[in-house]
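Trainee: 3D, please:
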Amino acid sequence: MLSNEISRASKLPATSTEPTKQVVPELSILQELKQKTAAHHRALEETAGIWDSLSSRPSYIKLLTRFWGIYSAGEARLAMLQELPLWLPDLSQRWKVPALEFDLTALGLSSELWCGWAGAPDIETVAAAFGWLYVFEGSTLGGQMISREIHRQLGLDARNGGRFFFSYGAEVAAMWKLFGQRLESFCLANPVCRNEVIESAEAAFGLFSQALNGKSL
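Mentor: Numbers count the residues shown, from 1 in each chain. Reported below is the predicted structural model:
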């Protein structure tokens, strides 16, 4: 099925249509992303204060509203890219906004108090979308540790306010692996887009830091 998707997508502007000799990079795109965004990732972990926000319900709710701000802005832009599902067919299963809204509602916070952003992320291409999705999907890995701490400290789980961090549950590793495969397929078919993916991921980490520190876009 993926080969059919790639065939269809190759007819679209964002993909390569001229036959070229394929040069396989030394690193997979996931390895290169991890290497080149490592400093951004560390900076986010050091400044976001996520673990401190798990000490009480009010601080946890505040954290969720900030996540809702960045995810609602980002996913709205991703949904506008008609080509993206050709490369990531399960995109609709990866939306996180419904889980965030479930949690905030379960915790009793009126939608009028959720923290939106004044602007929108710069996601105009499939390559840029994959950069953002690298950050979005990567957060599900750390979310497994956070979900256990939420349950320990606040007594919350996927049924009563911890659905966002629980994300795919037992399927987290499988969903991450599949995402990596789709991203790799895109980059191999469109090698000129590789740097754009990386630059977009770096930008996403920066905007995540702003959002989690209470700054608008």
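Trainee: Can you name every helix or strand that the top helix by length along the chain contacts?
Mentor: If you go by DSSP state H, the chain has its longest helix at helix 126-154. Secondary-structure packing of helix 126-154 (3 or more C-beta pairs under 8 Å, 6 or more residues apart in numbering; DSSP states H and E): helix 57-78, helix 84-87, helix 163-166, helix 172-189, helix 194-212. Backbone N, C-alpha and C define where each C-beta goes, glycine included.
Trainee: try 10 Å this time
Mentor: helix 29-36, helix 38-47, helix 57-78, helix 84-87, helix 163-166, helix 172-189, helix 194-212 (3 or more C-beta pairs under 10 Å, 6 or more residues apart in numbering; DSSP states H and E).
Trainee: most packed of the ones you listed?
Mentor: helix 163-166 (a mean of 25; mean count of other C-beta atoms under 10 Å).
Trainee: Name the residues of the longest helix of the chain that are buried.
Mentor: For helix 126-154, burial by neighbour count (16 or more other C-beta atoms under 10 Å) applies to 126-140, 143-144, 146-147, 150, 154.
Trainee: Now do that helix and helix 29-36, the angle between them.
Mentor: Taking axes from the mean of the first three to the mean of the last three C-alpha atoms, to 10 degrees, one finds that helix 126-154 is oriented at 70 degrees with respect to helix 29-36.
Trainee: Tell me the gap between helix 126-154 and the middle of its chain.
Mentor: With C-alpha atoms, centre = their mean, to the nearest Å as the basis, helix 126-154 stands 7 Å off its chain's centre.
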